[in-house]
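>>> Could you work out the structure for the sequence below:
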Amino acid sequence: MSRIRQPPLVTGISPNEGVSWTKVTIRGENLGTGPTDLIGLSICGHNCLLTAEWMSASKIVCRVGPAKNDKGEIIVTTKSGGQGTSTVSFKILKNEKIDLDQPSAVWVEEMDCSTMRMNRKKGISPLSISPSDPLGIKPETGKVTHKELESLFPNMSGDFTNESFSATWYLIENHSAASFDQLKMAANNLRKQASKKNEGSLSYVKGGLSTFFEAQDALAAIHQKLEVDGTEKVEGSMTRKLENVLNRASVSADTLFQEVLGRKDKADSTRNALNVLQRFKFLFNLPLNIERNIQKGDYDVVINDYEKAKSLFGNTEVQVFKKVYAEVETRIDALRKLLLDKLLQTPSTLVDQKRYIRYLSDLHAPGDPAWQCIVAQHKWILKLMQNCKDTYVTEHKGPGVLLSPMMDLENDIRCSSISRLSQTTSVKRGGSFQSPRDDAFRFKGPQQVMFVENLTDVVISQLPNFWKLWISYVNGSLFSETGEKSGQVEKSKKNARQKQNDFKQMIQEVMHSLVKLIRGALLPFSLSQLEQKQYGGWELKSELSGQWLTYVIHTVRSSYEALAALEIPNDLLQVIQDLILDLRIRCLMVTLQQTTEDVKSLAEKEDWIVDNEGITSMPSKFEQCVFQTLQSLKEPLECKTGEVNIFQQERAQDQVSELCIGIMKVFVNCMEQLSSKPDGDIDTSRVSVDLTSPDLSYGIHEDIRPTLEKRLLIIVSNCQYLEKHTFINLVEHFEKHGFPGSEKISRVSIESIRDLDQRLFETYIELKADPIVGSLEPGIYAGYFDWKDCAPPTGVRNYLKEALVNIIAVHAEVFAVSKELVLRVISRIVEAVAEEMSRLMQCVSSFSKNGALQARLEICALKDAIVSYLSSECIRSFKQALEALPQLQSGADKKLLEELLNKFKSSMHLQLTCFQAPTIYPVKT
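Below is the predicted model:
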C-alpha cells in the first residue's frame with residue numbers, strides 16, 4: 001500500500017501584499033511532487049493556477065489575479081495530498097493613480113518592447129505580460145457601475161481570467177456603446193486568435209524559413225571545400241597553409257606582447273579571485289543574514305539558507321570556508337536554543353508548538369524537542385490547576401467575594417446559568433442570595449462552585465491541545481513525510497511507542513489532580529489527612545445546598561463529555577466517573593436533609609384556613625415541598641452514559657430510606673406540635689372556616705384564634721387526609737423516581753399518622769365528652785329527686801335537654817371544621833353518654849312506678865334523638881339501662897310514654913334536626 005501524503009501547508013509568501021498581477025513566491029510543505037501534481041492554487045479566492053510555475057515541493061511562483069476579497073488565504077491543491085491549508089495570508093492593494101513626479105510604493109515590472117517586436121512569432125509567458133482586451137476593439141467605459149453589475153450577476157465576474165467569468169458582464173462593462181458591426185469585427189478577431197493558437201510551432205518555422213535555407217547553403221559549401229582539401233592531400237592545401245600562418249602569428253604575438261600577456265595573466269588571477277568571492281558571497285554574508293532573519297522571525301529563510309550552506313560547505317577542506325561555516329554553526333546553535341525556549345514557553349498555542357518543533361527538527365536539534373514540549377505542557381497544566389485552587393482558597397477567607405470569570409462567551413453563558421440558579425434557589429428555599437448579577441461579568445456565588453467551574457475550564461481549555469500534541473507526536477504528523485523527513489517521522493513514532501506509558505501517567509496525574517481538588521472543595525471527608533493538606537484548605541462555613549451541588553454535577557459531567565470526545569481511554573476517565581457518583585450521592589443526601597429542615601419550618605407557615613373538606617394548606621405545602629425536592633433531584637438521579645444507578649449502591653439504599661421516613665416523621669411531629677401548642681404561642685392569624693355546601697358558594701370567615709379544641713379537630717382532619725391521599729401520592733412519587741424501600745416508607749408513615757390521629761382524637765373526645773357525661777348525674781338528682789318517690793312524669797327533664805344541646809354544640813363545632821369527622825366524633829360522645837346512663841340506672845336500688853316510667857321516658861328520648869349515631873356499644877349500653885328498669889304493666893303507661901316522647905320530639909324538633917342521618921361528602925383527591 002502506498003503511503004498517504006499530508007495535505008499541502010503554506011507557511012510563507014513573499015511579498016505578502018500587492019496589487020493585482022503581482023508576482024509572488026509561495027513557500028511551504030507538500031506543495032506537490034511535480035508540475036502535473038499541482039491541480040489547484042487560489043489566492044484571496046481567485047484561481048491563480050494559470051500563472052503558477054511549480055519549482056519544488058516547497059516553492060511555487062505565480063501572479064496574483066484580481067480578487068473580491070481584500071485579504072485571504074493561499075490554498076494549494078494537489079493530486080497526492082488534496083486541498084491544503086495556510087498559516088499566512090495575502091493582502092491585495094488597490095490600484096492608485098500616480099503622477100509623473102509622484103513616487104510609487106509598488107514595483108511595476110516593465111516589458112522589453114523591442115524584444116517583443118523582434119520575437120513576434122515566439123510565445124510569451126503568462127507571467128511576463130498583463131491580459132489585454134481579447135476582442136481587439138477599443139474598450140469604452142460603460143454607464144453601469146460595478147455595484148449594479150454585481151447585483152445583476154451575483155457570484156460572477158467580468159474578468160475573463162476568472163473561473164466565474166460572465167461574457168454579458170464583460171460586454172456591458174467595456175463595450176456597452178459598441179455597434180453591431182464592431183461586435184462582428186470582435187467575433188472575427190476571436191476566431192483569428194483561436195486559429196493562431198492552433199498553429200503552434202508551425203508558424204514559428206514559417207516565419208524563419210528563409211534564414212534556415214541560407215544557413216543550410218553556407219554549411220553545405222564549407223563541407224564541400226573541406227572534402228576537396230582532404231582528397232588532394234598536397235602540401236599547399238588550404239588547411240595546411242592556414243595552420244602555418246596561425247603558428248607564425250602566434251610566435252610573433254608572444255614575442256611582441258610578452259610583458260602585456262604577463263600583466264594579463266595577473267589581471268586574470270585577480271579577476272578569478274574576485275569571481276570566487278562574488279560566487280561564494282552567499283556563504284560570507286550568511287552569518288549576518290541569519291542574524292537579521294532571526295530578528296525578523298523569518299525562520300524558514302534561515303533554515304533554507306542553512307540547509308543550502310550545509311550541503312555546499314559542510315565537508316569543505318578550504319580553511320576560509322571552514323572558518324565562515326563554523327560561525328554559521330554558532331549562529332544556528334543560538335537559534336536552536338531560542339526556538340527551544342519559545343517551544344517550552346507557556347502558554348502557547350498548538351500551532352506555534354508544532355511550528356517550533358518542525359523548525360528544531362529541520363535544524364537537527366539534539367534530544368527530542370517534541371517530548372520536552374509535552375513534559376513542559378503537563379507541568380504547566382498542573383501548575384494552573386494548583387494556582388486556581390490557591391487563589392480561591394485565599395479569597396474564600398472573605399465572605400461573598402466578587403469574582404471575575406474569564407471574559408469569553410462560554411463563561412458568560414455559564415455566568416447566566418449560575419445567576420438563574422441563584423434566583424431559583426432564593427425563591428424556592430428562602431435563600432439569602434443577593435442580586436446574583438452585579439454587572440455584565442461579575443456575580444456572587446459559593447466559592448467552591450466557582451472554583452470547580454474555573455478549574456474545569458482550565459482543564460478543558462488546556463488538555464485538548466495537550467492530547468492533540470501527543471497524537472501528532474504518535475502519528476508523526478509533526479513532520480512532513482516528503483524526502484528526508486520521512487526518517488524523522490519514523491523516529492518520532494518509535495520514541496512515542498517508548499514513552500506511551502509515561503504519557504499515560506501524565507494524563508492520570510492530571511485526572512487525579514482534578515478529581516482530588518474538587519473533592520477537597522466539596523467532599524473533604526473522602527480524602528485522607530495527607531491529601532486534605534495538599535488538596536484541601538477550605539474553610540467550610542456551611543454545607544452547599546442541593547441545587548448548587550446539582551450545578552456542580554452538571555459542570556463535571558460536561559467536562560467528562562468534553563474529555564471523552566477527545567477519545568481519551570475510559571480507564572483514564574474512570575476517576576471522574578467515581579467523582580460524579582459520589583457527588584450525586586452527596587447531593588441526594590444533602591437535599592433530603594435540607595428537605596427535612598424545610599418541613600420543620602412548615603409549622604410556622606400554618607394559617608389555619610380550613611377549606612370545605614376540613615383541611616388546611618399544610619398537607620398541600622408538605623406534598624409540594626417533597627415534590628419540589630424530587631424534581632430538583634431529577635438530574636442527579638439520572639444515569640448518563642457510563643454511570644451507575646445511585647440506588648444500586650448499598651451505602652445509599654438504607655440512608656435514603658431512613659431519610660425519607662425521617663421526612664414523613666418530622667412532618668407528623670410538626671402536626672403534633674401544632675395541636676399541642678399553647679394559645680399564647682400561636683401567631684395571630686385569621687381562621688377561615690369554609691362551610692361550603694351544595695346550597696352555599698361562599699365561606700364564613702371568623703376572625704378568631706383557633707382554640708385548642710379546634711386545633712385538635714383541624715389536625716385530626718389533616719391526619720385523615722394525609723393518610724388517605726398525601727402519603728399515598730408521595731410514596732407513588734418515590735417509586736416513580738426509583739427510591740428504594742417505598743413499602744417501608746408507606747408503612748411507617750401511615751402508622752405514625754394513625755397513631756397521632758388516634759391520640760389527638762382521644763384527647764378531643766376527652767375534652768368534649770367529660771363535661772357532658774359529668775353533668776348527667778347532678779342533673780338527674782337535682783332538687784332531691786328520688787326514683788322511689790316521684791311524681792308522675794310530665795316530660796323529659798332539663799338535664800337531658802342540656803346534654804343534647806351540648807352534644808349539638810359539639811356537632812356544630814365538628815361540622816364547621818370537617819363533615820367527615822361528625823359521625824366519628826358524635827358516635828364516641830354518644831357512647832360515653834349511653835355508658836354513663838346505663839351505669840346510673842344500674843346503680844338505682846329500686847324504682848317506683850312513676851320513677852320507672854320517668855327513667856324509661858328519658859332513656860328512650862335520648863336513644864331516639866341520637867339514633868343515627870348509635871354504635872353497637874351504645875345499643876348494648878341502652879339495653880342494659882332498660883333492663884335495669886321495671887317493665888311497664890298497663891297499656892295506659894305505654895300510651896303515656898308514647899305521648900310524652902312525641903311531645904319531646906315536637907318541642908325539640910329544630911334542635912334534633914342536626915342528629916338526622918349525616919351525608920358523607922367525598923373528599924377531593
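>>> Please point out which parts of the host helix or strand of Glu329 sit buried.
Glu329 belongs to helix 319-344 when assigned by DSSP states H and E. If you call a residue buried by 16 or more other Cβ atoms under 10 Å, then helix 319-344 has these buried ones: 321, 324-325, 328, 331-332, 335-336, 339-340, 342-344. For glycine as for every other residue, the C-beta is placed from the backbone atoms N, C-alpha and C.
>>> which other helices and strands contact the helix or strand hosting Gln224?
Following DSSP H and E, the helix or strand that holds Gln224 is helix 209-232. Contacting helix 209-232 under the criterion 3 or more Cβ pairs under 8 Å, 6 or more residues apart in numbering; DSSP states H and E are the following elements: helix 238-256.
>>> what's the helix or strand following the helix it packs on in contact with?
Scanning forward in sequence from helix 238-256 by DSSP H and E, the next helix or strand is helix 258-279. Residues from elsewhere that reach helix 258-279 (Cβ atoms under 8 Å, 6 or more residues apart in numbering): Asp254, Phe284.
>>> I'd like the mean pLDDT over helix 258-279, please.
pLDDT averaged over helix 258-279 equals 77, rounded to a whole number.
>>> For whichever helix or strand comes after it, give me every contacting residue.
Next in sequence after helix 258-279, counting helices and strands by DSSP H and E, comes helix 281-296. Contact with helix 281-296 is made by 277, 299, 301-302, 305-306, 308-309, 312-313, 321, 324-325, 327-328, 331-332, 335, 338, as judged by Cβ under 8 Å, 6+ apart.
>>> still on that earlier bit, quick one: distance of the helix holding Gln224 to the chain centre.
In terms of Cα atoms, centre = their mean, to the nearest Å, the centre of helix 209-232 is found 90 Å from the chain centre.
>>> any idea which helix or strand carries Phe847?
With elements delineated by DSSP H and E, Phe847 resides in a region that no helix or strand encompasses.
>>> Would you agree it is in contact with Leu882?
No: using Cβ atoms under 8 Å, Phe847 is not in contact with Leu882, being 11.9 Å away.
>>> Closest one of the buried residues of helix 319-344 to Val489?
The shortest approach to Val489 among those belongs to Leu343, at 18.7 Å (Cβ to Cβ).
>>> show me what contacts Asp757?
By Cβ under 8 Å, 6+ apart, the contact set of Asp757 is Val716, Cys719, Gln720, Glu723.
>>> Tell me how far the residue nearest to the second one when sequence neighbours are not counted lies from Ser717.
Counting by Cβ to Cβ, 6 or more residues apart in numbering, Cys719 lies nearest to Asp757, which is 3.9 Å off, once chain neighbours are set aside. Relative to Ser717, Asp757 is positioned 9 Å away (Cβ to Cβ, to the nearest Å).
>>> element containing the residue nearest to Cys719?
Taking DSSP H and E as the criterion, Asp757 maps to helix 742-780.
>>> who does the following helix or strand past the helix holding Glu329 touch, helix- and strand-wise?
Helices and strands here follow DSSP H and E; after helix 319-344, the next one along the chain is helix 350-362. Here helix 350-362 touches helix 299-313, helix 319-344, helix 369-395, helix 447-475, going by 3+ Cβ pairs under 8 Å, 6+ apart.
>>> Do a quick rundown of the strands in the stretch 51-200 of the chain.
Taking DSSP state E, counting those that start in this stretch to define them, one finds strands in the stretch 51-200 of the chain at 53-56, 59-63, 71-78, 82-83, 85-86, 89-92.
>>> Those: which one's closest to Trp380?
With distances scored as Cβ to Cβ, the stretch of these nearest to Trp380 is strand 85-86 (26.6 Å).
>>> List of residues touching the closest one?
Counting by Cβ under 8 Å, 6+ apart, strand 85-86 makes contact with Pro7, Pro8, Leu9, Val10, Gly28, Glu73, Ile74, Ile75, all of which sit outside it.
>>> Considering the residues you listed, which possesses the most neighbours?
Tallying neighbours with other Cβ atoms under 10 Å puts Pro8 at the head of those, with 30 neighbours.
>>> what's the helix or strand for the residue nearest the centre of the chain?
If you average the C-alpha coordinates of the chain and look for the closest C-alpha using Cα atoms, centre = their mean, you land on Ser558, 5.8 Å from that point. According to DSSP H and E, Ser558 maps onto helix 546-564.
>>> low-scoring stretches of the stretch 801-925 of the chain, by residue?
Using pLDDT under 70 as the threshold, the predicted model of the stretch 801-925 of the chain has low-confidence ranges 917-925.
>>> need the helices for it, in chain order.
Per DSSP state H, counting those that start in this stretch, the stretch 801-925 of the chain has helices spanning 822-843, 849-865, 872-883, 891-907, 909-912. These are given in chain order.
>>> Relative to Lys79, which of the ones you listed is closest?
Closest to Lys79 of those, according to Cβ to Cβ: helix 822-843, at 95.0 Å.
>>> how far off helix 742-780 does that closest one point, in degrees?
Between the direction of helix 822-843 and that of helix 742-780, the angle (axes from the mean of the first three to the mean of the last three Cα atoms, to 10 degrees) works out to 40 degrees.
>>> What residues sit buried inside helix 822-843?
Going by neighbour count (16+ other Cβ under 10 Å), the buried part of helix 822-843 is 822-823, 825-841.
>>> now it against helix 872-883, angle please.
Taking the same axes, to 10 degrees, helix 822-843 and helix 872-883 form an angle of 30 degrees between their directions.
>>> Packing partners of helix 822-843?
Using 3+ Cβ pairs under 8 Å, 6+ apart as the contact definition, the elements that helix 822-843 packs against are helix 742-780, helix 798-817, helix 849-865, helix 872-883.
>>> how about those helices in JSON lines, adding distance to Ile609?
Putting the helices and strands packed on helix 822-843 into JSON lines (distance: least, Cβ to Cβ, whole Å) gives the following:
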{"stretch": "helix 742-780", "distance to Ile609": "19"}
{"stretch": "helix 798-817", "distance to Ile609": "12"}
{"stretch": "helix 849-865", "distance to Ile609": "34"}
{"stretch": "helix 872-883", "distance to Ile609": "35"}
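>>> right, so of those, which gets closest to Leu910?
Between Leu910 and the helices and strands packed on helix 822-843, the shortest separation by Cβ to Cβ is 10.0 Å, and it involves helix 798-817.
>>> Output the closest one as PDB, restricted to C-alpha atoms.
Included here for helix 798-817 are C-alpha records, laid out as PDB according to Å, rounded to 0.1, in the frame of the first residue of the first chain:
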ATOM      1  CA  ASN A 798     -83.900  19.600  81.600                       C
ATOM      2  CA  TYR A 799     -80.700  17.800  82.400                       C
ATOM      3  CA  LEU A 800     -81.200  15.600  79.300                       C
ATOM      4  CA  LYS A 801     -82.100  18.500  77.100                       C
ATOM      5  CA  GLU A 802     -79.000  20.300  78.300                       C
ATOM      6  CA  ALA A 803     -76.900  17.200  77.500                       C
ATOM      7  CA  LEU A 804     -78.400  17.100  74.000                       C
ATOM      8  CA  VAL A 805     -77.800  20.800  73.500                       C
ATOM      9  CA  ASN A 806     -74.100  20.200  74.500                       C
ATOM     10  CA  ILE A 807     -73.900  17.400  72.000                       C
ATOM     11  CA  ILE A 808     -75.500  19.600  69.400                       C
ATOM     12  CA  ALA A 809     -72.800  22.200  70.100                       C
ATOM     13  CA  VAL A 810     -70.100  19.600  69.600                       C
ATOM     14  CA  HIS A 811     -71.800  18.600  66.400                       C
ATOM     15  CA  ALA A 812     -71.800  22.200  65.100                       C
ATOM     16  CA  GLU A 813     -68.100  22.700  66.000                       C
ATOM     17  CA  VAL A 814     -67.100  19.500  64.200                       C
ATOM     18  CA  PHE A 815     -69.400  20.100  61.200                       C
ATOM     19  CA  ALA A 816     -67.900  23.600  60.800                       C
ATOM     20  CA  VAL A 817     -64.400  22.100  60.500                       C
END
